[in-house]
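[1] Give me coordinates for this.
(one chain, ligands or ions: 1)
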Amino acid sequence: MFRALRIHETPEGFTRTIENMSIDDLPQGDLLIQVHYSSLNYKDALSSIGNRGVTKNYPHTPGIDASGIVLESKSPLFQEGDAVVITGYDFGMNTHGGFSEMISVPAGWVQKLPSGLSLKEAMMLGTAGFTAAMSIAEILPYLKQGGGDVLVTGASGGVGSLAVKILTHMGYKVSAPLRREASKPFLESIGVKGFIPWEDIEGSKKRALLSAKFDASIDTTGGDNLAFALKSTAYGGAVTLCGNAASAEIDVTVYPFILRGLRLIGIDSVMVDSEPRKDLWEKLATVWKSPLLEEGIKELTLEELPEAMDKMLKGQHLGRVLVKLRD
Ligand SMILES: NC(=O)c1ccc[n+]([C@@H]2O[C@H](COP(=O)([O-])OP(=O)(O)OC[C@H]3O[C@@H](n4cnc5c(N)ncnc54)[C@H](OP(=O)(O)O)[C@@H]3O)[C@@H](O)[C@H]2O)c1
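    As a prediction, the model looks like this:
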């Protein structure tokens, strides 16, 4: 038997409970894995309240990230005892996910843990870190090596804070919108140097272009932040977008694109092939490994997760939530 956080659909709404399950309850995957750590991502919080865009059928175990040790393998690519990381594909969406002491998954969803990361560090990164790495890889061709100004939105969240940590480690000057005064000490602690007052973001809605302050931007929220990023990124620059924590809509004109030759680059971390996935994890474990990786990471148990999910849904959390299932 093992424990998992289960979401049930009831006539009163969606419930979250810790339950005992057996290996027979798991899907038939190539690998049976004992999970040591998982992490909380925005999608998990959505899955826990019945968002059908993430999870169609309940009961369900969320958790789009996991790291752990292979207990049984039907794949020639993995052996018992291998340390592994799982992010992306259908993991935790419509397949039993990482908020569980045991998982069973297809071998194609699994990466061997790079030698520069522990199981715990891999989940400090998780999907958020991998998405930050994808975004950084996309803007690097638009930046001078080791210098330049980058805007990161949603910087107090998972993807944003990890993007800030990696970029500052690489020598870039990072600015961020300051939506909540309370998040300023955390943002300073991870290296944010410039703060955009929230009134400036809201006050710029009617402008087609703003002064070009950033060489490139990483957006994680959509909405007004993304519009601000598009209007403030310099000629020939690039903006990546990966999320909709604020809004799925953008109110912009064509001018940033036709007058500044701006590139807008969409990021999807879910369906990345194994080779580029491996390359990015290798970078996260070596040259992009920030000395500030542990800053702002809270370690929680399964029991403490529902409260953290609610805070995340209200846009009130800071940094990353690491979920400890076993040492
Ligand atoms: N495309 C992909 O492959 C991919 C992968 C991972 C995540 N995502 C998406 O990326 C987004 C961020 O994920 P995450 O895990 O970093 O989430 P998160 O930890 O909840 O962070 C989101 C951040 O967005 C900001 N925010 C929240 N509500 C806002 C609002 N109403 N207006 C403006 N800003 C708001 C907050 O930062 P501030 O307080 O600093 O503003 C918050 O910390 C989510 O939409 C997620 O689904 C996509």
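[2] for the ligand, what are the nearby residues on this structure?
    Residues of the chain lying near the ligand by CB under 6 Å from any ligand atom: 41-43, 127-128, 131, 154-160, 177, 179-180, 183, 220-221, 225, 242-246, 267-270, 312, 315. Just so you know, the C-beta spots here come from the backbone N, C-alpha and C atoms, and that holds for glycine as well.
[3] Next up, the contacts around whichever residue of the stretch 51-200 of the chain sits closest to the ligand.
    Per CB to the nearest ligand atom, G157 is where the stretch 51-200 of the chain lies closest to the ligand, at 1.8 Å. When contacts are counted by CB atoms under 8 Å, 6 or more residues apart in numbering, G157 touches Y42, A128, T220, A245, H317, L318, G319.
[4] Just the residues you listed: which are in helices?
    Y42, A128 (DSSP state H).
[5] Can you convert the contacts of G157 into a markdown table and add a column each for neighbour count?
    Listed next are these as a markdown table, based on neighbours: other CB atoms under 10 Å:
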| residue | neighbour count |
| --- | --- |
| Y42 | 24 |
| A128 | 29 |
| T220 | 30 |
| A245 | 21 |
| H317 | 22 |
| L318 | 18 |
| G319 | 22 |
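[6] possible to save the contacts of G157 as JSON lines with pLDDT?
    Listed next are the contacts of G157 as JSON lines, based on pLDDT from 0 to 100:
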{"residue": "Y42", "pLDDT": "93"}
{"residue": "A128", "pLDDT": "97"}
{"residue": "T220", "pLDDT": "97"}
{"residue": "A245", "pLDDT": "90"}
{"residue": "H317", "pLDDT": "85"}
{"residue": "L318", "pLDDT": "90"}
{"residue": "G319", "pLDDT": "90"}
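[7] Could you find the closest non-adjacent residue to the residue nearest the centre of the chain?
    By CA atoms, centre = their mean, the chain has its centre lying nearest to A128, at 1.8 Å. In space, A128 comes closest to G158 once its chain neighbours are excluded; the distance is 3.3 Å by CB to CB, 6 or more residues apart in numbering.
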